[in-house]
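Asks: Here's a sequence, model it:
(one chain, ligands or ions: 1)
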Amino acid sequence: MKLAMIAVALLLPLVAGAAAADADEFDFFYFVQQWPGSFCDTQRGCCFPDTGKPEPEFGIHGLWPNYAKCRPANDGPDAAASIDMVVGGHHRRQKCWPEYCDDSNQLLPFAIRDLISELAGNWPTLSCKNGGGGPSIEFWAYEWKKHGTCSGLGQHGYFAAALDLKRRDGGLAGILAAAGIVPSEDERYLLSGIRGAIANATGAIPNLECNRDAFGETQLYQVYQCVARDGKTLIDCPLPMSGRCSDRVKMPPF
Ligand code: 5GP
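Replies: Next comes the predicted model:
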């Protein structure tokens, strides 16, 4: 009986993942990483997870299935951009990405047990929700439910794919540092220089998103790398994104 329950727990995410793949077509993934200095350096501030202060390196935010048919002047990932799509034979106005494809498919820690320590180092939560200082797995579970269930990947495959992508570039902070772009309290860097450094090192043009520090200055917040549907191959980002950046942006220390 116990064995049967374990087998069901192991198979459930695989079966559910396959169902989501049939239900949703998407064109590419955004692999999104956040600079912790810019998450923390706003009026809202940040909290560290139960594992302590993360390394001064970009952390994973998520791996997001996305449609390529959105209106080009997409104003950031949460803009109300929408497209006409045929879903299930009907024309529907909907977002630029599918989300919450299977609410019954909850993240099971057991399914990703071998990845947990690597995830903790590379995908830390900085949110102060519920008082902060909580486990990062709540962030992973949220990302899985909202985006992962639409990815066509199973739970293990989804998180392993994100870690593989992160490992591949050897760390965006290192790539930027090699191009002379280092965290600084007062330096401002050309946005084109940041994009160019990442494109040169990875072979694919990313999109960039900024937020504002407590004084209202724009700073590099998130890097969006575009990935083919296989979850592995980096591609040039097909949609331009204004991303709320100015021509020169800050990259605050963390
Ligand atoms: P998404 O941008 O994927 O739609 O939503 C991100 C959600 O994850 C938000 O509800 C946010 O509060 C939560 N969250 C938890 N930890 C983090 C974090 O470190 N960074 C960001 N951006 N969101 C986080």
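Asks: Quick one: mean pLDDT for stretch 165-178?
Replies: For stretch 165-178, the mean pLDDT works out to 94.
Asks: Touching that stretch from outside, list them.
Replies: By CB atoms under 8 Å, 6 or more residues apart in numbering, the residues outside stretch 165-178 that reach it are 31, 33, 35, 56-58, 60, 63, 122, 182-183, 194, 197-198, 201-202, 223, 225, 227, 231-232, 234, 251. Bear in mind the C-beta positions are built from the backbone N, C-alpha and C, glycine included.
Asks: Buried subset of these as a ChimeraX selection?
Replies: Command for ChimeraX, covering only those of the contacts of stretch 165-178 found buried under the criterion 16 or more other CB atoms under 10 Å:
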select :31,33,35,57,58,60,63,122,183,194,197,198,201,202,223,225,227,231,234,251
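Asks: how close does Phe159 get to Glu99?
Replies: According to CB to CB, to the nearest Å, Phe159 and Glu99 sit 18 Å apart.
Asks: So for the two, which sits in the more crowded spot?
Replies: Phe159 (26 against 14; other CB atoms under 10 Å).
Asks: In contact with that one, which residues?
Replies: Contacts of Phe159 by CB under 8 Å, 6+ apart are Ile112, Leu115, Leu119, Trp140, Trp144, Gly148.
Asks: what's the helix or strand for the fourth one?
Replies: Trp140 is part of helix 137-146, with elements assigned from DSSP states H and E.
Asks: what's that helix packed up against?
Replies: In terms of contacts (3 or more CB pairs under 8 Å, 6 or more residues apart in numbering; DSSP states H and E), helix 137-146 is packed against strand 59-66, helix 116-122, helix 155-169.
Asks: Right, I'll call it a day here.
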